[in-house]
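**Student:** Fold the stuff below for me.
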Amino acid sequence: MTFLACCLATDGGGLAEASAEQKPMRVAALGTSLTHSGGWLTPLERHLARCLQRSINLLDFGRDGATSEWGVAILDEVILAQPDIVLIEFAVNDAALFKGMSLKQSRGNVRNIVRTLRAAQPHVKIFLMTMNPSSGLRGSIRPRLNAYYDDYKLLADELGTGYIDNFSAWNTLTKQELRERIPDGLHPIPESACRILVPAIAGAIGGTECVATTMNE
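**Tutor:** Okay, the predicted model is just below:
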């Protein structure tokens, strides 16, 4: 099966079944419309199940328009779900001028999210993620997006979390390619989001074998 076919497939046929003794791995994705409406959650779940040879439950805690403030507000729900892994991306909306979220406030919220999750579940693995660039009108209302993304690397180092730099991967594309793959200036078409995000996230969670499996399917 090609990687494109995996991205566009709607069923989970062919996934490896977990043994009766092995609990499903729970992966919680906290974020914005780039997570909730991005089209990459189901493909990621499918790829992780294949390469890790176990059942995966990918939990969508993303919401269109969400900021890190909303991420703090739903922490009780996330903790109740008892995730093994948490993915966090709010920078793209925290950076929007109309949200009124300063870099300092954003930083404080992310610290709060990470520390609260760890206090409740000390063994949870957390990854801070940058996402795609923005352009046009949506870019103009995010003039400091790069600074918010840069802060995620600093916070990952400070807090000892994982860090997945999708922003750099998007920036290897030409301006024309970015226009084609992010036609509204902010929300990538699902196929393109899938191609960039799934290998990076699967590799961070499952190691090099998951990258190879994802890229070669």
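**Student:** going forward, measure contacts between C-alpha atoms and count neighbours the same way
**Tutor:** Noted.
**Student:** Run through the chain and note the low-pLDDT ranges.
**Tutor:** Counting by pLDDT under 70, the chain has low-confidence residues at 1-21, 212-217.
**Student:** make it 90
**Tutor:** Across the chain, the ranges flagged by pLDDT under 90 are 1-23, 208-217.
**Student:** element containing residue 129?
**Tutor:** Assigned by DSSP states H and E, residue 129 belongs to strand 125-130.
**Student:** Would you mind measuring from the residue lying closest to residue 183 once chain neighbours are set aside to residue 196?
**Tutor:** Counting by CA to CA, 6 or more residues apart in numbering, residue 189 is the residue found nearest to residue 183 once chain neighbours are left out, at 7.7 Å. Residue 189 is 11 Å from residue 196, where distance means CA to CA, to the nearest Å.
**Student:** With residue 50 instead?
**Tutor:** Taken as CA to CA, the span from residue 50 to residue 196 is 18 Å.
**Student:** quick one, helices of the protein?
**Tutor:** Using DSSP state H, the helices of the chain run over 3-8, 33-36, 41-52, 68-73, 75-80, 91-94, 103-120, 136-140, 145-159, 166-170, 175-181, 190-206, 208-216.
**Student:** out of those helices, deepest packed?
**Tutor:** Between the helices of the chain, helix 91-94 has the highest mean count of neighbours, a mean of 28, where neighbours are mean count of other CA atoms under 10 Å.
**Student:** what residues does it touch?
**Tutor:** 32, 65-68, 99-103, 106, 130-131, 142, 145, 148-149, 152 (CA atoms under 8 Å, 6 or more residues apart in numbering).
**Student:** ok, 6 Å please
**Tutor:** 67, 101, 148 (CA atoms under 6 Å, 6 or more residues apart in numbering).
**Student:** How about stretch 178-193?
**Tutor:** 38-39, 134-136, 138.
**Student:** Format those as a markdown table; extra columns: distance to residue 185.
**Tutor:** Compiled in a markdown table, the contacts of stretch 178-193 are given as follows (distance: CA to CA, whole Å):
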| residue | distance to residue 185 |
| --- | --- |
| 38 | 14 |
| 39 | 17 |
| 134 | 5 |
| 135 | 5 |
| 136 | 6 |
| 138 | 6 |
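**Student:** how about those, which pair is most distant?
**Tutor:** 39 and 136 (22.3 Å; CA to CA).
**Student:** ok, residue 142 touching residue 95?
**Tutor:** Yes. Counting by CA atoms under 6 Å, residue 142 touches residue 95, with 5.4 Å between them.
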